[in-house]
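Enquirer: have a look at this prediction, sequence included:
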Amino acid sequence: EMEDTEIRYDERGGLIGGDNRKFLLARENHQKVLRRISILGPAIPKLAEGFETLASEKTAPALLQVLKTGFSGYIRAHAALGLAKMGTPESTAALLEVGKTERDSTTRMGIADALAKLQEGREVLELYLSDECWQVRLAAARALGASNARPSIPVLIETLKTSEGRLKHEINEALKKLTLVNKNGAYPAWKDWFEKNRDQVLAGTYKPQSFELAEEAGGSTFYGVRVHSTRVLFLLDVS
């Protein structure tokens, strides 16, 4: 309405249209709406978190619609978690359908978390292991570890080849959950071990030897907290 009623002039400065009274009224209403939006803004995270408690057969269509068309990745990610909580074949199928074509990083992270512990999500999670965003790769690795997806072990090992810092650590943690073996994130060691024991590992019959459960290799620490990342920001309160 503001666009329709705004005063307009021609090239010579002559009035050619508009209604200033209606324009000012529309602008006042517009500012009222913006103030309401600014008040609601901080509530959006809480509303999104509520999707998980609202998950039911009745709300499933709405959650799926939000997952597909929500206005932010954060909102859509929580819709995915809500669908996952339902645990029905229909909700799982919907997550897989959207997950295969989704491009937004934040939404992908939510879908990865939603597919954790679901064997059906292995194909989508393996796809996410090659995402440009390291946070998506991290979420996918964690989900595969939680899903007991042994067929994904070789994919995780290959991902180690180009990983470093925290991502390297998290992939090693996922491999530890899947194999009960610890190679401290060393790609050559994991690759050699898997090639020698592939059949038993994939069948779930491999029995780790005591030396394969070695403690973590030494690394950087800060006040006793081990640091895995290659880039770290420390905030020190000296007041």
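Expert: Ah, there it is. Residues are numbered from 1 along each chain as shown.
Enquirer: low-confidence regions, the chain specifically.
Expert: Applying pLDDT under 70 to the chain picks out residues 214-220, 222-223.
Enquirer: so where do the helices sit in it?
Expert: Applying DSSP state H to the chain gives helices spanning 2-5, 20-40, 44-49, 51-54, 60-69, 73-86, 89-101, 105-115, 122-128, 134-146, 153-160, 165-179, 187-203.
Enquirer: now the first one: buried residues?
Expert: Of the residues in helix 2-5, those with enough neighbours to count as buried (16 or more other Cβ atoms under 10 Å) are Thr5. The way it works is simple: take the backbone N, C-alpha and C, and place the C-beta from them, glycine included.
Enquirer: repeat that for the longest one.
Expert: By neighbour count, and taking 16+ other Cβ under 10 Å as the criterion, the buried residues in helix 20-40 are 23, 26.
Enquirer: what comes into contact with that helix?
Expert: With Cβ atoms under 8 Å, 6 or more residues apart in numbering as the test, helix 20-40 has contacts from 1-2, 5-7.
Enquirer: if I look at Leu54, how far off is Ile111?
Expert: 18 Å (Cβ to Cβ, to the nearest Å).
Enquirer: the two: which has the busier surroundings?
Expert: Just comparing Leu54 and Ile111: by other Cβ atoms under 10 Å the higher neighbour count belongs to Ile111, 32 against 12.
Enquirer: quick one, what contacts the more buried one?
Expert: Contacts of Ile111 (Cβ under 8 Å, 6+ apart): 77, 80, 95, 98-99, 102, 124, 128.
Enquirer: which of those residues tops the neighbour count?
Expert: Ala80 (31 neighbours).
Enquirer: can you pull the contacts of that one?
Expert: 67, 95, 98, 107, 110-111, 113-114.
Enquirer: with Pro151 instead?
Expert: Contacts of Pro151 by Cβ under 8 Å, 6+ apart are 122, 202.
Enquirer: returning to that earlier point: ok, the contacts of helix 20-40 vs Thr221, which is closest?
Expert: Nearest to Thr221 among the contacts of helix 20-40: Met2, at 58.6 Å, using Cβ to Cβ.
Enquirer: spatially nearest residue to that closest one (excluding sequence neighbours)?
Expert: Residue nearest to Met2 in three dimensions, not counting chain neighbours: Ala26, with 4.6 Å by Cβ to Cβ, 6 or more residues apart in numbering.
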